[in-house]
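>>> any chance you can model this:
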Amino acid sequence: MLTVAVLISGAGSNLKALLDAAAEEDYPARIVVVGADREADGFAHAQAYGIPTFLVPWSEFDSREAWGAELATQLAVWRPDLIVLSGLMRLLPAEVVDAWSPRIINTHPAYLPEFPGAHGVRDALAAGATQTGASIIVVDNGVDSGPILAQERVPIRSDDDEHTLHERIKPVERRLLVDVVRRIATGELDLSAP
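Below is the predicted model of the structure:
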């Protein structure tokens, strides 16, 4: 059984999808802990499923490296097989990425390598794109530059704004994430393969 730690910053809709999937008897992964960089509404999903949580508040550290060192300490307690960044709005320090690589994956609301970074949905609209998408990637030390594990296109409608487009991307992201974690757990996806 694949053990998973999920890191969030906000509402945790992807986390909720993973928790729902993991509650199914035949799903080959279990979430062992949920962590966040700030008080996050998504903790309520973890609590509803009886999953432990931890908080490493970004605001209490002098540097990204100091924050990352405490995050690594918390993760080491749980020794997960896989770390899922699910809306965590912080770049992990290189030391954390290097320690867990390639067992960290991330969701992104764009069809990478198009529109990397924190504002993928806004950037797609600003560029006048007719389509964008959702991607699941392996985290590396770049910004949304790791190997792509799964992705799917989402059309952009003429009346879309940032909110409506993001709301249409989210269900695709959730479905892809649940499937990628399942495929990692069954060995169908090998994160160590080049």
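>>> ok now the longest helix seen in the chain, how far from the chain's centre?
Using DSSP state H to define each element, the chain has its longest helix at helix 162-186. For helix 162-186, the gap between its own C-alpha mean and the chain's C-alpha mean amounts to 9 Å (C-alpha atoms, centre = their mean, to the nearest Å).
>>> just stretch 60-67 next, same as before
Relative to the chain's own centre, stretch 60-67 is displaced by 21 Å; criterion: C-alpha atoms, centre = their mean.
>>> mind listing what's buried in that stretch?
Using 16 or more other C-beta atoms under 10 Å as the burial criterion, the residues of stretch 60-67 that qualify are 61, 64, 67. Heads up, the C-betas are built off the backbone N, CA and C, glycines and all.
>>> between those residues, which sits nearest residue 50?
residue 67 (27.2 Å; C-beta to C-beta).
>>> is it true that the closest one touches residue 61?
Yes - the pair formed by residue 67 and residue 61 meets the contact definition of C-beta atoms under 8 Å, at 3.9 Å.
>>> ranges for the strands of the chain?
Remark: strands assigned in the chain by DSSP state E are 2-8, 29-36, 53-55, 82-85, 104-108, 131-138, 148-155.
>>> which of those strands sits closest to residue 172?
Proximity to residue 172, assessed across these by C-beta to C-beta, is greatest for strand 131-138 (4.3 Å).
>>> buried set for that closest one?
In terms of neighbour count (16+ other C-beta under 10 Å), strand 131-138 has its buried residues at 132, 133, 134, 135, 136, 137, 138.
>>> could you do stretch 184-191 as well?
In terms of neighbour count (16+ other C-beta under 10 Å), stretch 184-191 has its buried residues at 184, 185, 189.
>>> CA atoms only: put that stretch into PDB for me.
In PDB, the C-alpha atoms belonging to stretch 184-191 read as follows (Å, rounded to 0.1, in the frame of the first residue of the first chain):
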ATOM      1  CA  ILE A 184       2.200   5.000  -9.100                       C
ATOM      2  CA  ALA A 185       0.800   2.700  -6.400                       C
ATOM      3  CA  THR A 186       0.300  -0.200  -8.800                       C
ATOM      4  CA  GLY A 187       3.700   0.300 -10.400                       C
ATOM      5  CA  GLU A 188       2.200   1.200 -13.700                       C
ATOM      6  CA  LEU A 189       4.000   4.600 -13.400                       C
ATOM      7  CA  ASP A 190       7.600   4.300 -12.300                       C
ATOM      8  CA  LEU A 191       8.900   7.600 -10.900                       C
END
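>>> contact partners of it?
The contact list for stretch 184-191 (C-beta atoms under 8 Å, 6 or more residues apart in numbering) reads 1-2, 27-29, 82, 102-103, 105, 138, 149, 180, 183.
>>> out of those, which are buried?
Buried positions within the contacts of stretch 184-191, assessed by neighbour count (16+ other C-beta under 10 Å), are 2, 27, 28, 29, 82, 102, 103, 105, 138, 149, 180.
>>> quick check: residue 186 vs residue 75, distance?
Look at residue 186 and residue 75: by C-beta to C-beta, to the nearest Å, they are 23 Å apart.
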